[in-house]
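K.L.:
how would this look folded up:
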Amino acid sequence: MFFALAVILSSIFAPGARLNAEAVSSPTGELDAIVVTARKREERSQDVPISIIALSGKQLELSHSYLPAEIVQSIPNMQLQFVNPRQTAFSLRGLGNNPASEGLETSVGLYLDGVYISRPGMLTSDLYDIEQITVLRGPQGTLFGRNTTAGALNISTRKPERTFNSDVEVSGGNFGLTQTRGSVTGPLGPTLSGRLSAFYTGRDGTVENIGTGSALNNQNKIGARAQVYFQPVDAINLRLIADFSHQQEDSGAQVLVDPGLTLANGSTRPNNILVRTARFGYTPIFDPFARQANIDQRQAIETTTESLKKAIESNDAAAIARAMEELTQAQHKAAASLYQQASATGGAGAGGGPEPHGPTGTEGAGTASGGGSSKSGDVIDAEVVDDK
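P.N.:
Next up is the predicted model:
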C-alpha cells in the first residue's frame, strides 16, 4: 500500500502532470445538470421518478467526508449504526435492521460500482476516489433485487482517463490524525487506460482506558484500488477493478453519560448503578468529556477485504450482445485454426482430435430499453479474509 502511495506521489512531479481543478459551479451562474445511474442508465436526476439524493466526489472532498459515518451526515433521513465492522447497519426513513443481530439481512442495499455488497462492514473503511454517491429512498426491488426494502446506496468510483492525471492529499489533525490519499490515471495503450488509487488513515485513541492505561477508539486503515479500462469501440467498454483494504483498530469503547438516578417524582432510584457497583468497590465514571473508560477486555478489531469486479457498459443496449457474439466467433475461429494446425502436423488423428469449441455462455450481456446506457457488473471474487 505504501508503495502505491509512493508511485502516486512521484507522479505529481512528472512532466505533464496536472491536478484536478474542476469547477464547482458553472461560471455563467447556471445550475449544473446532475447525471445519475439510478435506473441502470445515465439520466438527469430531474428525469428520474424516484426520491433520490446525489453527492458528487467534489462535494465529499470539500467537506473532507471519507468515512460512511461522515457521509450520512449530508444525507437526510439516513442513519448509520456502527459499533464495529461486524455490527454495522444502515437505515433510511427509520427502516433498518438491528446491528446486534449479525444474521439479519440488511434493509438498505449497498452497491459499489454496480456490484452488491452483502455485508455493511465491508464499507466501514475510507471511501476514496469517489465519482458520485446516490441514495434512492423507498423500495427498489424492481431494479436492484432483494434487500432494498428501505432503499439503496449506490457508490460509483472514478474511472480511468485517457489523459494523464494525478492528485494527492495529505492532512493532519489532533490526536495524531494523519490522512493520505491519492490517485494516478492515464493511457496504457491505444484502447487501454488504467487508474491506481490508495489511502492511509491513522489516528491515536480518543478514550483513555484507566484500567490498562491504553488509548481506545484509534484509527488504522489502509487500502488500494487498481483499475483497467478497455474500450475497443465507442459503444462498449470493459472495466476490471481490484480492491484491497485492511483495518486494525481498538474501537467500540463508549463513555457513560448519565446514570439516571432521579425518578419522575424527584426521588432517588433505589438500588441504582452506584449502589450496585459500590458493593464491588468500583465507582463508574459519568463524565463524557473526561474521555475515560474502565474496560478489562480486549477491544481490538481486524478486518481484511479483497475483491475483484468486472463491469461491461454500453451506450447501445444491443452493442453488448453484438460484441459478445463477435468475441465468441473470434474464439471459434481461433480454436478451429489451432485444430487445423494440429491436424496438419499429425497431432490429431482422423476423428480422434479435439473438436473446436467455444464458450458455453456469455457474461455481462446487459439489456436496457429506450436507448440508454446499459450496465452489467459481477463480482469475480469478494472475500472477507479475516474479521475478528
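K.L.:
Average pLDDT for stretch 258-268, rounded please.
P.N.:
Averaged across stretch 258-268, pLDDT comes to 87.
K.L.:
chain center to that stretch: distance?
P.N.:
In terms of Cα atoms, centre = their mean, to the nearest Å, the gap separating the centre of stretch 258-268 from the centre of its chain is 45 Å.
K.L.:
how long is it from one end to the other?
P.N.:
Across stretch 258-268, the terminal residues are separated by 14 Å (Cα to Cα, to the nearest Å).
K.L.:
Can you give the contact residues for it?
P.N.:
The contact list for stretch 258-268, computed with Cβ atoms under 8 Å, 6 or more residues apart in numbering, reads 269, 272-274, 284, 286. Just so you know, the C-beta spots here come from the backbone N, C-alpha and C atoms, and that holds for glycine as well.
K.L.:
pretty sure Gly182 contacts Arg195?
P.N.:
No - with contact defined as Cβ atoms under 8 Å, Gly182 does not reach Arg195; the gap is 11.3 Å.
K.L.:
okay, now the domains of this structure?
P.N.:
25-157, 165-248+297-309, 256-290, 312-387 (automatic domain parsing).
K.L.:
Throw the ones you listed into a markdown table and include mean neighbour count, thanks.
P.N.:
Formatted as a markdown table, the domains of the chain follow (neighbours: other Cβ atoms under 10 Å):
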| stretch | mean neighbour count |
| --- | --- |
| domain 25-157 | 17 |
| domain 165-248+297-309 | 18 |
| domain 256-290 | 11 |
| domain 312-387 | 14 |
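K.L.:
In terms of mean pLDDT, which of those domains ranks lowest?
P.N.:
domain 312-387 (a mean of 54).
K.L.:
OK, contacts around the residue lying closest to Thr124 once chain neighbours are set aside?
P.N.:
Nearest residue to Thr124, sequence neighbours excluded (Cβ to Cβ, 6 or more residues apart in numbering): Pro85, at 4.8 Å. By Cβ under 8 Å, 6+ apart, the contact set of Pro85 is 121-122, 124, 247, 301, 303, 387.
K.L.:
biggest separation within the residues you listed, which pair?
P.N.:
Spanning the widest gap among these are Met122 and Ile301, at 13.4 Å by Cβ to Cβ.
K.L.:
Who are the contact partners of Asn294?
P.N.:
By Cβ under 8 Å, 6+ apart, the neighbours of Asn294 are 209-211, 282, 284-285.
K.L.:
switch to 7 Å and redo it
P.N.:
209-211, 285 (Cβ atoms under 7 Å, 6 or more residues apart in numbering).
K.L.:
Tabulate these (CSV), appending secondary structure.
P.N.:
Output for the contacts of Asn294, formatted as CSV (DSSP: H, G, I helix; E, B strand; the rest coil):
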residue, secondary structure
Asn209, strand
Ile210, coil
Gly211, coil
Ile285, coil
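K.L.:
Could you export these as TSV, including distance to Glu61?
P.N.:
What follows is the contacts of Asn294, written out as TSV (distance: Cβ to Cβ, whole Å):
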residue	distance to Glu61
Asn209	35
Ile210	38
Gly211	40
Ile285	38
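K.L.:
Partner strands of the strand or helix carrying Ser166, with direction?
P.N.:
Using DSSP states H and E, Ser166 sits in strand 165-173. With DSSP bridges as the test, strand 165-173 is paired with strand 177-187 (antiparallel).
K.L.:
following the partner strand, which helix or strand shows up next?
P.N.:
Later in the chain than strand 177-187, the nearest helix or strand by DSSP H and E is strand 192-203.
K.L.:
could I get that following strand in CSV with only the CA atoms?
P.N.:
Only the C-alpha atoms of strand 192-203 are listed here, as CSV (Å, rounded to 0.1, in the frame of the first residue of the first chain):
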residue,chain,number,x,y,z
LEU,A,192,-6.5,0.7,-22.7
SER,A,193,-6.2,3.0,-19.7
GLY,A,194,-5.6,2.5,-16.0
ARG,A,195,-6.0,4.0,-12.6
LEU,A,196,-4.3,3.4,-9.3
SER,A,197,-5.7,4.8,-6.0
ALA,A,198,-4.5,4.3,-2.5
PHE,A,199,-5.2,5.7,1.0
TYR,A,200,-4.0,5.6,4.6
THR,A,201,-5.7,6.9,7.7
GLY,A,202,-4.2,6.8,11.2
ARG,A,203,-5.2,8.4,14.5
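K.L.:
what packs against that strand?
P.N.:
The contact analysis (3 or more Cβ pairs under 7 Å, 6 or more residues apart in numbering; DSSP states H and E) places strand 192-203 against helix 2-12, strand 177-187, strand 219-233.
K.L.:
Can you lay out the ones you listed as a markdown table showing distance to Gly94?
P.N.:
Listed next are the helices and strands packed on strand 192-203 as a markdown table, based on distance: least, Cβ to Cβ, whole Å:
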| stretch | distance to Gly94 |
| --- | --- |
| helix 2-12 | 40 |
| strand 177-187 | 32 |
| strand 219-233 | 29 |
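K.L.:
what's the closest non-adjacent residue to Leu274?
P.N.:
With Cβ to Cβ, 6+ apart as the criterion, Leu274 has its nearest non-adjacent residue at 6.4 Å, and that residue is Pro259.
K.L.:
swap in Thr185?
P.N.:
Nearest non-adjacent residue to Thr185, counting by Cβ to Cβ, 6+ apart: Arg195, 4.0 Å away.
K.L.:
repeat for Asp204
P.N.:
Asp204's closest residue in space is Gly176 (Cβ to Cβ, 6+ apart), at 4.1 Å.
K.L.:
do you know how far the nearest residue to Asp129 once chain neighbours are set aside is from Ser156?
P.N.:
Nearest residue to Asp129 in three dimensions, chain neighbours excluded: Ser197, at 4.1 Å (Cβ to Cβ, 6+ apart). Per Cβ to Cβ, to the nearest Å, Ser197 is found 13 Å from Ser156.
K.L.:
Kindly report the same for Tyr200.
P.N.:
23 Å.
K.L.:
any idea how far the strand holding Ser166 is from the chain center?
P.N.:
That offset, for strand 165-173, works out to 19 Å (Cα atoms, centre = their mean).
K.L.:
do stretch 180-198 as well
P.N.:
Stretch 180-198 sits 18 Å away from the centroid of its parent chain (Cα atoms, centre = their mean).
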